[in-house]
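K.L.:
Everything below, folded, please.
(chains A and B)
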Amino acid sequence: MRLRSRVAIWCGKLACTLSRRLGKGSGSSLPGRVARKIDPEILSVMSGMVREKIIAVTGTNGKTTTTSLMAHVLTQAGKKVVWNRMGANLMDGAVTSFVQAAGKSGRLDADYACIEVDEMASVRVFPQLRPDCVLVTNIFRDQLDRTCEVDITCGQIQKAMQAVPEAKLITNCDDICSYTLAAGCRNPKLTFGIGERIADDMPAGTGESVFCPSCGCRLEYDFVHYGQLGVYHCPDCGLERPEPDMTVTDVAFEDGAYSFTLDGRRIESGAQAPYNVYNTLSVYTALCAVDGPREGFEQAIAAFDYGNNRECAYRIGGAHVQLYLTKNPVGFQQKIFLIRRDPKPKDIIIQINDTVLDGEDVSWLWDVDFSYLHEAGVASIVTVGTRGADMEVRLKYEDIASRLGRGIREAVEELTKRGSRNLYIITNYSGLYPTIRMLDDMQAAGKEGISQ
Amino acid sequence: MKVTIGHLYPDLFNLYGDSGNVQCLKQRLVWRDMEAEVCPLCAGDEIDFGKLDILVWGGGSDKGQALAVDYLRQIRQDFKDYVEDGGAVLAICGAFQLLGKYYQAGEDRIEGLGILDIHTERCDERLVGNLVLESPLFGTPVVGFENHAGRTIIGDCTPLGKVLYGRGNTGDGGYEGVVYKNVIGSYLHGPLLPKNPEVSDWLLERALRRRYGEDVELKELSDEAELRANRNMVERLVAGRKGQRPFFTPADSN
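P.N.:
So this is what the prediction gives:
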């Protein structure tokens, strides 16, 4: 290894230690930034040290879950895996995960790398990361103030794929947007998809999924799982959803979790949401693509926590508290689906912020159909956050009563004191980690209270 | 009394939650015990402008706009007659641009409807961010979110308002949007109407008076939540800035 790369890794590691000591940030991006300053090629040096395969995960929703699920399955199979466990998915975040995994000598002891990559960052990251396989989870409407339009996101990923022509591209063929994306790439391809219904009817996706990408005619859908994911065809030019290379069958939802058959294996997962069936299927498809270890896949899945330490359940006072993260319309609609499926009465706190991390434009709240909360056993809704007032207005125009709270802590305290037994908290990104810390503290304080 | 709201090309022009404008108008009629009918007018549909009281047309992607051009040509004359006759229109972003003569993107020129004497030129820098404007039409500042690469030159037309925060039509922070007869064109998403109830009611009132006579008055609604959300943004973006004159006074005439 060049001395320069070695120094870059050392300094990155030093930055990591320092930022932790000083308590400045989580250190998920700074080490990478430092290392890159010293050696701009550091990512390609380090990715070159991975012994077996490199898998990149991009797309709109489910990147973090899919990446951690992939890392989990590979680790269970005895592989050493580098992955961005902190979810920092821009260039610096990708580099940081490698820097942290490297030893003092600067050497990397890893069989696999599973790296989550932001869609818009893929153009810069892929040429250096040189993945063997790129998994695109799905393409939904996301933070439009940053990505502008779905077509632009697709264009970025296509451009990134051109830089790594050997990499296998894995896409969700139930997603017309991913289908279009893949059609514009010359890479070797593999698809996954689900041909039997796995979710109740929820509103079909908008805009990008309506028209045939090839002839412009209106597409017809046999059914839609959620968002625009479903079985489609064009009545005019004959374009149709391809038969997926990998699929799941005999999907059952029992005792709050999904089980299904995948490549002859019966999988009993802890997945509560249909999107995690997709995430699991996509991981398996990627493993097939790189000929990775699949023995023990069932056991690994059964032991996996889909909450990623992000979407956790807590007990505070007498209340069961479920935290959900939501960042875009399809994600929010899915959380409403999950809340509605819970037959017990519930209270909901919705926290909407508009920092750069969240997207400063909150108009996406109007692309969510909140009318599904009408018959969902909702006793009360409190809205909070820098755009809590916008959320209140959004619900008002659905004739759903809510109240603007002063802050999330106050809202949780008030509801739990008032005897709420079933509380859902939905937050967008910038509020997630502060809320997790707050709920951890509140839960711990409650336990102390009991033990005293 | 019944108001018919035409939602133009909901399948092509539905970026950034703009369909919320339709929902907003509809609810404000329902809350006043009036009847509201929403007609989605899809690409290729026969459009009977005589039936319409308000036409809502949202922002679209570049691809969507290009697809719409042929359809627009077919409805151009009817659309123009409707506007000249005082029909109410809300046109946001891409739709605002298409009301004009053309949209110039490098070498490519997309022909607009030419209903308004305005035109748009695409620039490399995209203008993305919150915007606050004050308008002589409304007592409360108007808030929204702009996201556009086009610079719209409105010439002698009347702007919707003066920009207090943000970039506006030409990016220089001067003016935003356009008002012509009962037409409002604007770059503002948010969507525009829910946080700006006065703008909603301006459209509703004009639509009702055109159909049912000048003495129609709109019943007051409690806009507490809407104005709270509006004020939240105004205070954050404008009120705290030093040297900013109070915006609740009517706009200076000079």
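
K.L.:
Would you mind finding the longest strand in the chain?
P.N.:
Since you didn't name a chain, this refers to chain A. strand A:246-254 (DSSP state E).

K.L.:
sorry, should have said chain B
P.N.:
Ordering each strand of chain B by length in residues (DSSP E) puts strand B:119-134 first.

K.L.:
tell me what that strand is packed against?
P.N.:
Packing partners of strand B:119-134 (3 or more C-beta pairs under 8 Å, 6 or more residues apart in numbering or on different chains; DSSP states H and E): strand B:102-105, strand B:142-153, strand B:161-165, strand B:175-176, helix B:224-234. In this view, the C-beta of every residue, glycine as well, is placed from N, C-alpha and C.

K.L.:
one more time with 10 Å
P.N.:
helix A:144-147, helix B:94-98, strand B:102-105, strand B:108-111, strand B:142-153, strand B:161-165, strand B:175-176, helix B:224-234 (3 or more C-beta pairs under 10 Å, 6 or more residues apart in numbering or on different chains; DSSP states H and E).

K.L.:
Could you dump these into JSON lines and include mean neighbour count and distance to A:Ala376?
P.N.:
Shown next, in JSON lines, are the helices and strands packed on strand B:119-134 (neighbours: other C-beta atoms under 10 Å in any protein chain shown; distance: least, C-beta to C-beta, whole Å):
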{"stretch": "helix A:144-147", "mean neighbour count": "22", "distance to A:Ala376": "27"}
{"stretch": "helix B:94-98", "mean neighbour count": "28", "distance to A:Ala376": "34"}
{"stretch": "strand B:102-105", "mean neighbour count": "18", "distance to A:Ala376": "43"}
{"stretch": "strand B:108-111", "mean neighbour count": "14", "distance to A:Ala376": "44"}
{"stretch": "strand B:142-153", "mean neighbour count": "24", "distance to A:Ala376": "29"}
{"stretch": "strand B:161-165", "mean neighbour count": "22", "distance to A:Ala376": "38"}
{"stretch": "strand B:175-176", "mean neighbour count": "25", "distance to A:Ala376": "39"}
{"stretch": "helix B:224-234", "mean neighbour count": "21", "distance to A:Ala376": "21"}
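
K.L.:
closest to A:Thr386 out of the ones you listed?
P.N.:
helix B:224-234 (8.1 Å; C-beta to C-beta).

K.L.:
In the stretch 151-254 of chain B, which residue sits closest to chain A?
P.N.:
B:Ala229 (3.8 Å; C-beta to the nearest C-beta).

K.L.:
thinking that residue is in contact with A:Glu392, fair?
P.N.:
Yes: between B:Ala229 and A:Glu392 there is a contact at 7.0 Å, judged by C-beta atoms under 10 Å.

K.L.:
Which pLDDT does the model give the residue of chain A at minimum distance from chain B?
P.N.:
Taking C-beta to the nearest C-beta, chain B has its nearest neighbour within chain A at A:Trp366, 3.1 Å off. What the model reports for A:Trp366 is a pLDDT of 94.

K.L.:
helix or strand right after the helix or strand of chain A with the lowest mean pLDDT?
P.N.:
Using mean pLDDT, DSSP states H and E, the weakest-scoring helix or strand in chain A turns out to be helix A:144-147, at a mean of 64. Scanning forward in sequence from helix A:144-147 by DSSP states H and E, the next helix or strand is helix A:150-162.

K.L.:
for the longest helix along chain A, packing partners?
P.N.:
Taking DSSP state H as the criterion, chain A has its longest helix at helix A:429-451. With contacts taken as 3+ C-beta pairs under 10 Å, 6+ apart, helix A:429-451 sits against strand A:313-316, strand A:319-325, strand A:346-351, helix A:408-417, strand A:422-427.

K.L.:
Run the angle between that helix and strand A:346-351 for me.
P.N.:
Calculated by axes from the mean of the first three to the mean of the last three C-alpha atoms, to 10 degrees, helix A:429-451 forms an angle of 130 degrees with strand A:346-351.

K.L.:
Give the buried residues for helix A:429-451.
P.N.:
Residues of helix A:429-451 classed as buried: A:429-432, A:435-436, A:438-439, A:442-443, A:446 (neighbour count, 16 or more other C-beta atoms under 10 Å in any protein chain shown).

K.L.:
sorry, back to before: neighbouring strands - and their directions - for the longest strand of chain B?
P.N.:
Looking at strand B:119-134 with DSSP bridges, its partner strands are strand B:102-105 (parallel), strand B:142-153 (antiparallel), strand B:161-165 (antiparallel).

K.L.:
Keeping just the C-alphas, turn the longest one into CSV.
P.N.:
Output of strand B:142-153 as CSV, limited to C-alpha atoms (Å, rounded to 0.1, in the frame of the first residue of the first chain):
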residue,chain,number,x,y,z
VAL,B,142,-48.3,34.3,0.9
VAL,B,143,-45.9,31.5,1.7
GLY,B,144,-44.7,28.6,-0.5
PHE,B,145,-41.8,26.7,-1.9
GLU,B,146,-40.3,27.4,-5.2
ASN,B,147,-38.3,24.8,-7.2
HIS,B,148,-37.7,25.9,-10.8
ALA,B,149,-35.0,26.3,-13.4
GLY,B,150,-37.0,28.6,-15.6
ARG,B,151,-36.9,32.4,-15.4
THR,B,152,-40.3,33.8,-16.3
ILE,B,153,-40.4,37.3,-17.8
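
K.L.:
how about the residues of the stretch 151-254 of chain B near chain A?
P.N.:
By C-beta under 10 Å from any C-beta of the partner chain, the residues of the stretch 151-254 of chain B that approach chain A are B:188-195, B:197, B:222-233, B:236.

K.L.:
What residues does residue 72 make contact with?
P.N.:
This is for chain A. A:81, A:83, A:114, A:283, A:300-301, A:303-305, A:308 (C-beta atoms under 10 Å, 6 or more residues apart in numbering or on different chains).

K.L.:
let's do chain B instead
P.N.:
Neighbour list for B:Leu72: B:8-9, B:43, B:65, B:79, B:98, B:110-113 [criterion: C-beta under 10 Å, 6+ apart].

K.L.:
Wasn't it part of a strand?
P.N.:
No: assessed with DSSP: H, G, I helix; E, B strand; the rest coil, B:Leu72 is helix; it does not lie in a strand.
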